[in-house]
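J.: Need coordinates for the below:
(one chain, ligands or ions: 1)
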Amino acid sequence: MKVRKLIHSFKYAISGIIYTLKTQRNMRIHCIVAVLILIISLLLKFNRFELLILCFSISLVIVTEMINTAIEKSIDIYTKEYHPLAETAKNVAAGAVLISAINAVIVAYLLFFDRITQYIF
Ligand SMILES: Nc1ncnc2c1ncn2[C@@H]1O[C@H](COP(=O)(O)OP(=O)(O)OP(=O)(O)O)[C@@H](O)[C@H]1O
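T.: As a prediction, this is how the structure comes out:
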């Protein structure tokens, strides 16, 4: 019985991921970029620590995007009309995605810049 409940929870979680992928263009962009970055990092033979930081940064972007989507949907249930608190909540959630994306760009710069310049020059 507990196993069945666990499987159901897992199914709901997967359907949340699929929903976000289907409906959110930014989520698709994050995932495509994440896959490309991971392939490149494997080709460049990143060490475990570098891969760890990369995985964490990628997860942070995807997780904040999903929480942003959940917040947007929750607010949309409550009101489709303009409401200053709805605006604030959505803007704050979008701000969280922006911060995680800036973090990912900084991490990518720090991890890739030296290696890429080594290959070019
Ligand atoms: N009910 C509302 N009241 C006030 N401002 C809102 C409301 N809904 C959205 N906004 C404003 O519009 C911005 C975009 O909201 P929206 O829900 O369209 O997000 P989105 O990121 O464009 O959505 P999606 O990712 O689904 O395309 C919000 O950040 C907020 O500033």
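
J.: mind listing what's buried in stretch 16-32?
T.: 20, 24, 27, 30-31 (16 or more other CB atoms under 10 Å). For the C-beta atoms, the positions are set from N, CA and C on the backbone; glycine is no exception.

J.: Looking at the residues you listed, which one is closest to the ligand?
T.: Within these, proximity to the ligand (CB to the nearest ligand atom) peaks at Q24, which comes in at 5.4 Å.

J.: any idea what sits nearest the closest one, other than its immediate chain neighbours?
T.: Leaving out its chain neighbours, the residue that sits closest to Q24 by CB to CB, 6 or more residues apart in numbering is T69, at 5.7 Å.

J.: So that neighbour sits against K22, correct?
T.: No. Using CB atoms under 8 Å, T69 makes no contact with K22, being 10.9 Å away.

J.: Give me the buried stretch members for the helix or strand of the chain with the lowest mean pLDDT, please.
T.: None of the helices or strands of the chain scores lower by mean pLDDT, DSSP states H and E than helix 84-120, at a mean of 93. If you call a residue buried by 16+ other CB under 10 Å, then helix 84-120 has these buried ones: 86, 89, 93, 96-97, 100-101, 104, 107-108, 111-112.
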